[in-house]
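Asks: Generate coordinates for the sequence data below:
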Amino acid sequence: MKYYGAIEAGGTKFVCAVGTENGEIIDRLTIPTETPEETIGRLSAFFDMYQLESIGVGSFGPMSLAKESPDFGYITNTPKLAWRNYPLIPELKKRFGIPVSFTTDVNAAALGEITKGAAQGLDSCLYITVGTGIGAGAVIGGKLVQSFSHPEMGHILIRRHEKDTFAGNCPYHNDCLEGMASGPAIEKRWGKQGKDLAGRNEVWELEADYLAQALMHYILILCPEKIVMGGGVMKQQQLFPLIREKLSEYVNGYLVLPDLDQYIVPPGLGDDAGITGALALALALPERAAEGK
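Replies: Model prediction:
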């Protein structure tokens, strides 16, 4: 039997998995994101128990994806200082001596959802995570959307709600989407974490307004066949009907949208979207991502 490695590299934890040729995960390990030396050491000990054919990685970023760049495969300007300018993919390639395909964590989640999740069988999908930050990955025409860099859809500019006086929480743009609708933005605006505001309708109506604006941008530009929304904030299930309602209002009949109940959905894979996508990268899908050989 052939074995393949998968890594979902997050700012808080690394999820590592070993899978088979049919995409079945047979073993996994979750470790805290500590220093690169500690983290790579622990995941290496795990993967060394198997003879791997290749490894797929979905990583927090920003990451350098330009193959001609000397820092190709590096984590670059991350707020996690120990990982800033760290050669993650070159280090994994050197350590294991096998092909390593990689993309961002949200791109990996999009790939997971289109491979085995809510968008299975489709040609395109958008995966959005709303949590500590806001990010999105897209598969269009069967390929991940990325070029010299990866999309940063959480930092698009949106129209401020007329009743919202919050300045925004993004250190770069103040009131971009992430600055207005991420988990930390909710907490800073309302003085409590989202999980403690479940019964406050005004909180989620405002949140839905901003997220619906973003979805309208994404739909007009990318026309994905399915939109999957995950992350800690989206565990507030009352958001889904509010977002669908606001999106319909913003589109205002300009487009004929699919049935929104089936179009904007939670992840079919739950919290396993990212690791499933990372395994898909390992399973001979380098054309969908950057690859270090």
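
Asks: roughly how far is the longest helix seen in the chain from the heart of the chain?
Replies: Taking DSSP state H as the criterion, the chain has its longest helix at helix 201-222. Centroid displacement of helix 201-222 relative to its chain, using Cα atoms, centre = their mean, to the nearest Å, is 17 Å.

Asks: One more: stretch 91-106?
Replies: Counting by Cα atoms, centre = their mean, stretch 91-106 comes out at 18 Å from the chain centroid.

Asks: if we can go back for a sec, what residues of the longest helix of the chain count as buried?
Replies: Residues of helix 201-222 classed as buried by neighbour count (16 or more other Cβ atoms under 10 Å): 203-216, 218-219, 222. Where C-beta positions appear, they are placed from N, C-alpha and C, glycine not excepted.

Asks: and the residue nearest the centre of the chain, which of the three is it?
Replies: For the chain, V106 is the residue whose C-alpha lies nearest the centre (Cα atoms, centre = their mean; 1.7 Å). Using DSSP: H, G, I helix; E, B strand; the rest coil, the structure places V106 in helix.

Asks: these two touch, right, it and G133?
Replies: No: with contact defined as Cβ atoms under 8 Å, V106 does not reach G133; the gap is 9.7 Å.

Asks: domains of this protein?
Replies: Domain ranges of the chain: 3-105+271-292, 118-266, per automatic domain parsing.

Asks: weakest of the ones you listed in terms of mean pLDDT?
Replies: Set side by side, the domains of the chain give their lowest mean pLDDT on domain 3-105+271-292, at a mean of 91.

Asks: Distance from the chain centre to stretch 86-100, please.
Replies: For stretch 86-100 - counting by Cα atoms, centre = their mean - the centre lies 22 Å from the chain centre.

Asks: Quote the end-to-end distance of it.
Replies: Start-to-end span of stretch 86-100 (Cα to Cα, to the nearest Å) is 16 Å.

Asks: What residues of that stretch count as buried?
Replies: For stretch 86-100, by 16+ other Cβ under 10 Å, it's 86-89, 91-93, 95-96, 98-100.

Asks: so can I have JSON lines of the residues you listed showing distance to D271 and secondary structure?
Replies: Conversion of the buried residues of stretch 86-100 to JSON lines gives the following (distance: Cβ to Cβ, whole Å; DSSP: H, G, I helix; E, B strand; the rest coil):
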{"residue": "Y86", "distance to D271": "25", "secondary structure": "strand"}
{"residue": "P87", "distance to D271": "28", "secondary structure": "coil"}
{"residue": "L88", "distance to D271": "22", "secondary structure": "helix"}
{"residue": "I89", "distance to D271": "24", "secondary structure": "helix"}
{"residue": "E91", "distance to D271": "26", "secondary structure": "helix"}
{"residue": "L92", "distance to D271": "23", "secondary structure": "helix"}
{"residue": "K93", "distance to D271": "28", "secondary structure": "helix"}
{"residue": "R95", "distance to D271": "27", "secondary structure": "helix"}
{"residue": "F96", "distance to D271": "26", "secondary structure": "helix"}
{"residue": "I98", "distance to D271": "27", "secondary structure": "coil"}
{"residue": "P99", "distance to D271": "27", "secondary structure": "coil"}
{"residue": "V100", "distance to D271": "23", "secondary structure": "strand"}
